[in-house]
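A.B. asks: Here is the input, now give the coordinates:
(one chain, ligands or ions: 1)
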Amino acid sequence: MGNAGLQSILDWAKAERGFDAVGYCPSVMAMRVASRMSATGASGYGEYLNMVRTSPAELDLLVEALTLKVSSFFRDPIVFAYLHDSVLPALLAEKAAKGERGVRVWSAGCAHGEEPYSVAILLHELAQREHKAPEDAIFATDIDEKALARAKEALYTGESLASVPYGLVTTCFNREGELFRVLPAVARRVRFSVHDMLDRRTASPSDSVFGTFDLILCRNVLIYFQPDSQDIIAQKLYRSLAAGGYLLLGQTEILPEAWQGRFRRVTDCCRLYRKGK
Ligand SMILES: C[S@@+](CC[C@H](N)C(=O)[O-])C[C@H]1O[C@@H](n2cnc3c(N)ncnc32)[C@H](O)[C@@H]1O
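C.D. replies: Next up, the predicted model:
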């Protein structure tokens, strides 16, 4: 069945769940399908195609695997330390000097919410330190509605909190048996919505109303796409970012070449870029 077999499986995922593999790296798609085949014991594409045709639960697991939802709180802790110690205080000070409300953040490709909640925790902590009410707006989007439904529950395993500083675990989460729920005061600061980064018709999250962002996190998303799709995403990020705004990519990601001149790399410790003013 070969590549045609793989294509039939991807076609089924598109027809039934709307997941379009066009634009993603073919090798990544093949690896993700292979991981489900090995988990189910399917001996080939044909057998696996039958499984996804007859089992909606397996189709869900396939789409989950294809959209790669690996994440955790404070993933790459050095990045969050840099946000906490440098970027967010600078942005808050700039806003205050201009008499503007708090910072606007967009977490694009937010998986189950670990990333936007991590930023919300930092902003919560910074606001408490200043004895101020937080005024930030944090938008979080993903292509996968089911992932967003889970994100809204704000309930996580201890494992996904492994990199959270202990003091923040005790102040920003409520323990529920073996699990941890983000404190409602922190969780309600994040607004989740579906947004496809490859959709050229929309520039930014539908509920973010007009206005650009001071900080966009688009981490570990670009890496899965082919150059043409990366270009669509880079254009969207550039347009949605305020002049002087920050863009954070994953630790192994780089901007497509055509966009590199429009941003300045801010630090060697992470893939943080700043748009020209
Ligand atoms: C590996 S996760 C990254 C999670 C988080 N940003 C992090 O770095 O920990 C990649 C996320 O991108 C999402 N994604 C994949 N294709 C997308 C698209 N076309 N538009 C929006 N999100 C997409 C996936 O559903 C997944 O949740």
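
A.B. asks: End to end on stretch 179-188, go ahead and measure it.
C.D. replies: In stretch 179-188, first residue to last residue: 19 Å (Cα to Cα, to the nearest Å).

A.B. asks: What of stretch 59-72?
C.D. replies: With Cα to Cα as the measure, stretch 59-72 spans 24 Å from end to end.

A.B. asks: what comes into contact with it?
C.D. replies: Outside stretch 59-72, the residues within contact range by Cβ atoms under 8 Å, 6 or more residues apart in numbering are 9-10, 12-13, 16-17, 19, 21, 24, 28-29, 32-33, 35-36, 39, 52, 110-112, 114-115, 142-144, 146-147, 159-163, 220, 224. For every residue, glycine as well, the C-beta is placed using N, CA and C.

A.B. asks: and this protein, which residues reach the ligand?
C.D. replies: For the chain, the contact set with the ligand under Cβ under 6 Å from any ligand atom comprises 67-71, 75, 109-111, 115, 142-144, 147, 196-198, 219-221, 250.

A.B. asks: Show the buried residues in those.
C.D. replies: 67-69, 71, 75, 109-111, 115, 142-144, 147, 197-198, 219-221, 250 (16 or more other Cβ atoms under 10 Å).

A.B. asks: Now, those that are in helices?
C.D. replies: Counting by DSSP state H, the part of these found in helices is 115, 147.

A.B. asks: Which members of the buried ones among the residues of the chain next to the ligand are positioned in strands?
C.D. replies: Asp142 (DSSP state E).

A.B. asks: Just the buried subset of the contacts of stretch 59-72, written out for PyMOL, thanks.
C.D. replies: To isolate the buried members of these in PyMOL, using 16+ other Cβ under 10 Å:
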select buried, resi 9+10+12+13+17+19+21+24+28+29+32+33+36+52+110+111+112+114+115+142+143+144+147+160+161+220+224
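
A.B. asks: what are the ranges of the strands in the stretch 51-200 of the chain?
C.D. replies: For the stretch 51-200 of the chain, the strands defined by DSSP state E, counting those that start in this stretch cover 104-108, 137-142, 155-157, 173-176, 179-182, 190-194.

A.B. asks: ranking the ones you listed by burial, who's on top?
C.D. replies: strand 104-108 (a mean of 27; mean count of other Cβ atoms under 10 Å).

A.B. asks: Strand 137-142 and that one, what's the angle between them?
C.D. replies: Strand 104-108 and strand 137-142 are oriented at 10 degrees to each other (axes from the mean of the first three to the mean of the last three Cα atoms, to 10 degrees).

A.B. asks: I'd like to know which elements strand 104-108 is packed against.
C.D. replies: helix 114-129, strand 137-142, strand 213-218 (3 or more Cβ pairs under 8 Å, 6 or more residues apart in numbering; DSSP states H and E).

A.B. asks: any chance of those in TSV, plus mean pLDDT?
C.D. replies: What follows is the helices and strands packed on strand 104-108, written out as TSV (pLDDT from 0 to 100):
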stretch	mean pLDDT
helix 114-129	95
strand 137-142	95
strand 213-218	97
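
A.B. asks: Reformat the ones you listed as JSON lines; add distance to Lys98.
C.D. replies: Output for these, formatted as JSON lines (distance: least, Cβ to Cβ, whole Å):
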{"stretch": "helix 114-129", "distance to Lys98": "18"}
{"stretch": "strand 137-142", "distance to Lys98": "16"}
{"stretch": "strand 213-218", "distance to Lys98": "11"}
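
A.B. asks: So which of these is nearest Leu92?
C.D. replies: Using Cβ to Cβ as the measure, helix 114-129 is the one of the helices and strands packed on strand 104-108 that comes nearest Leu92, at 6.6 Å.

A.B. asks: Could I get the buried residue list for the closest one?
C.D. replies: Neighbour counts over helix 114-129 (16+ other Cβ under 10 Å) mark 114-127 as buried.

A.B. asks: Low-confidence regions, the stretch 101-250 of the chain specifically.
C.D. replies: 208-210 (pLDDT under 70).

A.B. asks: Show me how the record splits the protein into domains.
C.D. replies: Following automatic domain parsing, one gets these domains for the chain: 2-66, 77-275.

A.B. asks: Return the distance of the shortest one from the chain's centre.
C.D. replies: Using Cα atoms, centre = their mean, to the nearest Å, the distance from the centre of domain 2-66 to the centre of the chain it belongs to is 22 Å.
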